[in-house]
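>>> below is the sequence, then the predicted model.
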Amino acid sequence: MMNCSGGQMPWGSWVTCEETVNGPDVGPDFTRTSNIPLTKPHGFIFEVPASVFPGEGQGSREPIRSAGRFAHEAVSYDPVSGYLYLTEDDFGFPSGFYRYKPPTDPMVVGHLEDGGTLEMLKVVGVDNAHLEAEQERKATYGVEWVPIADPAPDFPYTPGETAPTSNDTAITYVARQGWQQGAALFARLEGQVSRDGVVYFTSTQGGGPAEAFTPDTTDPDGFGAGSGQVWAYDTEAQELRCVFQSSGAEVLDMPDNITTSNDGTLVLCEDSSGDNYLRGLSKNGKLWDIALNRLLSASGEPRFGEEFAGTAFSPGGETLFVNIQARQGITFAIWGPWHRIGV
């Protein structure tokens, strides 16, 4: 049930995400697989200690329920504001951008606690702002946050029977609370990274025509028809800016995971179905290629749907680690000198 995304935390943990709301209390998802055998509800984030010492890498195995039950994708942490920022990847409905404030400072107590508050991003003065739609160059928005009163629902069900609550109802339960208060709409939010008070995150299918929407929408036809956007949220100024917007798949095709070098250059992984690239994105919006992923089968035919994922630099910034999400996963280490290509 765990998605491969998450986020490394400065107090020495990894926070991993469930990109599903399946559970015994929810009906089958788009795969039509029965949820009756499941014993626990899913759709949460979990903390995993990142210790290298034997016996010290065990987490509590308990979800951080107050951080929401929805299709989580990635988490980052801003030590100045004390918030965890969370992306939602819901390909059937609008996705939201959230923040979670733990009840105690994890930098002080050394771990992430449940029982905090969850909020969803809203554009100041605009209800349900269509941020999935094509944006003007360097579009910037003032931001406020609306509270999510019930972040971790449990739905009624009878063990051994298909739950009466549909997956579509469950996966939008948290977001609908935000939509009713005017929360903004994105198209599939995926990777994110926090650096120097700015949270960068990707919208995999943002930048297309505005989608039809009402806060009570129930039609999961998909949300977002663009080739991708990169957003930056300034946590101190509470300002959201569109850093880059793809004009077509040949420019940037479905950006997903994201990281940043020591000098602030962004590194993007494409999530396209064909050839996909590892891309560099400068602070002034210049995009260039770093590496091409073109996996071939034993017969020499392209293997599609196996994209770059999970980029991270070593602490000193000399080595970039990147995965290829595939039937047989591959991890690469790429080292510099990075300044030769502007990273």
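Everything's here; your move. Since we're looking at a predicted model, the values are computed, not measured. Numbers count the residues shown, from 1 in each chain.
>>> quick one: the helices in the chain, in order.
106-109, 167-171, 173-179 (DSSP state H).
>>> and those helices, which is most packed in?
Among those, ranked by average contacts under mean count of other Cβ atoms under 10 Å, first place goes to helix 173-179 (a mean of 23). No exception for glycine: its C-beta is placed from N, CA and C like everyone else's.
>>> CA atoms only for that one, dumped as PDB, please.
Extracted in PDB, the C-alpha atoms of helix 173-179 (Å, rounded to 0.1, in the frame of the first residue of the first chain):
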ATOM      1  CA  TYR A 173     -13.700  13.100   1.500                       C
ATOM      2  CA  VAL A 174     -10.900  15.300   2.800                       C
ATOM      3  CA  ALA A 175     -10.600  17.400  -0.300                       C
ATOM      4  CA  ARG A 176     -14.400  18.100  -0.400                       C
ATOM      5  CA  GLN A 177     -14.100  19.800   3.000                       C
ATOM      6  CA  GLY A 178     -11.500  22.200   1.500                       C
ATOM      7  CA  TRP A 179     -13.500  22.700  -1.800                       C
END
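>>> identify the residues contacting it?
Contact with helix 173-179 is made by 21, 68-70, 88, 90, 93-96, 118, 120, 122, 128, 146, 148-151, 153, 183, 185, 215-216, as judged by Cβ atoms under 8 Å, 6 or more residues apart in numbering.
>>> of those, buried ones?
21, 68-70, 88, 90, 93-96, 118, 120, 122, 128, 146, 148, 151, 153, 183, 185, 215 (16 or more other Cβ atoms under 10 Å).
>>> send me stretch 201-220 as CSV with only the CA atoms.
C-alpha atoms of stretch 201-220 as CSV (Å, rounded to 0.1, in the frame of the first residue of the first chain):
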residue,chain,number,x,y,z
PHE,A,201,6.2,20.9,-6.1
THR,A,202,5.1,19.5,-9.4
SER,A,203,1.7,19.3,-11.0
THR,A,204,2.0,16.4,-13.4
GLN,A,205,-0.9,17.3,-15.7
GLY,A,206,-1.2,21.0,-15.0
GLY,A,207,-1.2,23.7,-17.7
GLY,A,208,-4.1,22.7,-19.9
PRO,A,209,-7.6,24.1,-20.4
ALA,A,210,-9.6,24.8,-17.2
GLU,A,211,-11.7,21.8,-16.2
ALA,A,212,-15.4,21.8,-15.4
PHE,A,213,-15.9,21.7,-11.6
THR,A,214,-18.3,22.2,-8.8
PRO,A,215,-17.6,21.4,-5.1
ASP,A,216,-20.1,18.6,-5.2
THR,A,217,-18.7,17.0,-8.3
THR,A,218,-18.9,13.2,-8.4
ASP,A,219,-17.7,12.4,-11.9
PRO,A,220,-14.1,10.9,-11.9
